[in-house]
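Colleague: no FASTA, just this:
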């Protein structure tokens with residue numbers, strides 16, 4: 001009789017452990033997918049370069065010009081845009097600004113293409129729109145562009 005009780009108790013313990021394992025795996029899977037954008041998230045965002053001050057009037061981005069971006073997204077968080085420009089593999093320009101309604105620092109969305117490290121010449125640049133979700137950074141769009149001398 002005691003043997004039946006021990007076997008029944010062991011079977012119940014195995015069943016309980018199995019249920020707990022299934023719950024843990026389910027929670028881990030849900031956490032892993034929670035911060036990822038849906039397949040259509042990147043399609044619901046746009047990022048386009050716009051010249052604000054075209055110093056030489058040629059209609060293209062040049063060193064010393066001021067640019068901004070037309071940004072749209074269905075993201076509910078504040079969208080950021082970062083720009084990095086390189087000359088021969090060396091980072092010569094790096095900036096970041098937020099795009100959201102009522103931003104008191106909206107003037108930072110106007111980016112003059114020059115820096116202490118970039119005193120002239122052409123550069124290859126990449127702009128990235130993104131937002132933060134917890135500890136994750138979700139990239140919406142990237143845009144590569146060339147800046148002439």
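Modeller: Received, thanks. Predicted model, so just to flag it, every value in this text is computed and none were measured.
Colleague: remind me which residues of this protein are low pLDDT?
Modeller: Counting by pLDDT under 70, the chain contains low-confidence ranges at 1-43.
Colleague: could you show me where the strands are in it, in order?
Modeller: 45-53, 66-73, 79-87, 90-99, 111-112, 123-133, 136-147 (DSSP state E).
Colleague: name the helices or strands packed onto the fourth one?
Modeller: Which is strand 90-99. If you count contacts as 3 or more C-beta pairs under 8 Å, 6 or more residues apart in numbering; DSSP states H and E, strand 90-99 packs onto strand 79-87, strand 123-133. Where you see a C-beta, it was placed from the backbone N, CA and C, and this is true even at glycine.
Colleague: Next one: the residue nearest to residue 141 when sequence neighbours are not counted relative to residue 128, how far apart?
Modeller: Excluding its sequence neighbours, the residue lying closest to residue 141 (C-beta to C-beta, 6 or more residues apart in numbering) is residue 47, at 4.0 Å. Distance of residue 47 to residue 128, given as C-beta to C-beta, to the nearest Å: 8 Å.
Colleague: intersection of neighbour lists for the two?
Modeller: Common neighbours of residue 47 and residue 128, counting by C-beta atoms under 8 Å, 6 or more residues apart in numbering, are 81, 141-143.
Colleague: Among the residues you listed, name the buried ones.
Modeller: 81, 141, 143 (16 or more other C-beta atoms under 10 Å).
Colleague: Including distance to residue 106, could those residues go into TSV?
Modeller: As requested, these are arranged in TSV below (distance: C-beta to C-beta, whole Å):
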residue	distance to residue 106
81	12
141	20
143	20
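Colleague: Let me know the closest of the residues you listed to residue 112.
Modeller: Closest approach between those and residue 112, by C-beta to C-beta: residue 81, at 14.8 Å.
Colleague: looking at the sheet around the closest one, what are its partners?
Modeller: Following DSSP bridges, residue 81 is listed with bridge partners residue 97, residue 129.
Colleague: Do I have it right that it meets residue 73?
Modeller: No: in this structure, residue 81 is not within contact of residue 73 by C-beta atoms under 8 Å, at 10.5 Å.
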